[in-house]
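Chemist: Below: sequence and its predicted model.
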Amino acid sequence: MIGIDIVSIARIEKCVKRFKMKFLERFLSPSEIVLCKDKSSSIAGFFALKEACSKALQVGIGKELSFLDIKISKSPKNAPLITLSKEKMDYFNIQSLNASISHDAGFAIAVVMVSLSN
């Protein structure tokens, strides 16, 4: 299954300026906030990645899957890595998750591919 999302970096930047940490803590863990380094493009990319994951799982963000159930980290080569809490990996029967984020022309786009266990 595949999910994709695109978000305006300016829209995210506006939310960060208005709501500060309260906005970030709504969808990012403390370690993810550190990874973003206050860069609007990175924050937008992480937001898009979490939305793309929820779309790949065909549930959206809500009762079955929250923003904080989705965990983003970086590989040694700075590529995005994505996983879910153990409980959600089991709930959705996920074998693996693969992700990509890109930024251009004021937008961040992310795609997530989900492989289910047999």
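Modeler: Cool, the structure landed. What you see is a predicted model; the values in this text were computed from it and never measured.
Chemist: Could you list every helix and strand in contact with the host helix or strand of L97?
Modeler: Assigned by DSSP states H and E, L97 belongs to strand 94-104. Packing partners of strand 94-104 (3 or more C-beta pairs under 8 Å, 6 or more residues apart in numbering; DSSP states H and E): helix 40-56, strand 80-84, strand 107-116. In short, each C-beta sits where N, CA and C put it, glycine included.
Chemist: which residues does the residue nearest to the spatial centre of the chain contact?
Modeler: Nearest to the mean C-alpha position of the chain, by C-alpha atoms, centre = their mean, lies K50 at 2.6 Å. Taking C-beta atoms under 8 Å, 6 or more residues apart in numbering as the criterion, K50 is in contact with 27, 61, 67, 70, 72.
Chemist: Touching the strand holding L97 from outside, list them.
Modeler: Residues outside strand 94-104 that contact it (C-beta under 8 Å, 6+ apart): 9, 41, 44-46, 48-49, 52-53, 72, 79-84, 88, 108-117.
Chemist: Cheers, nothing more for now.
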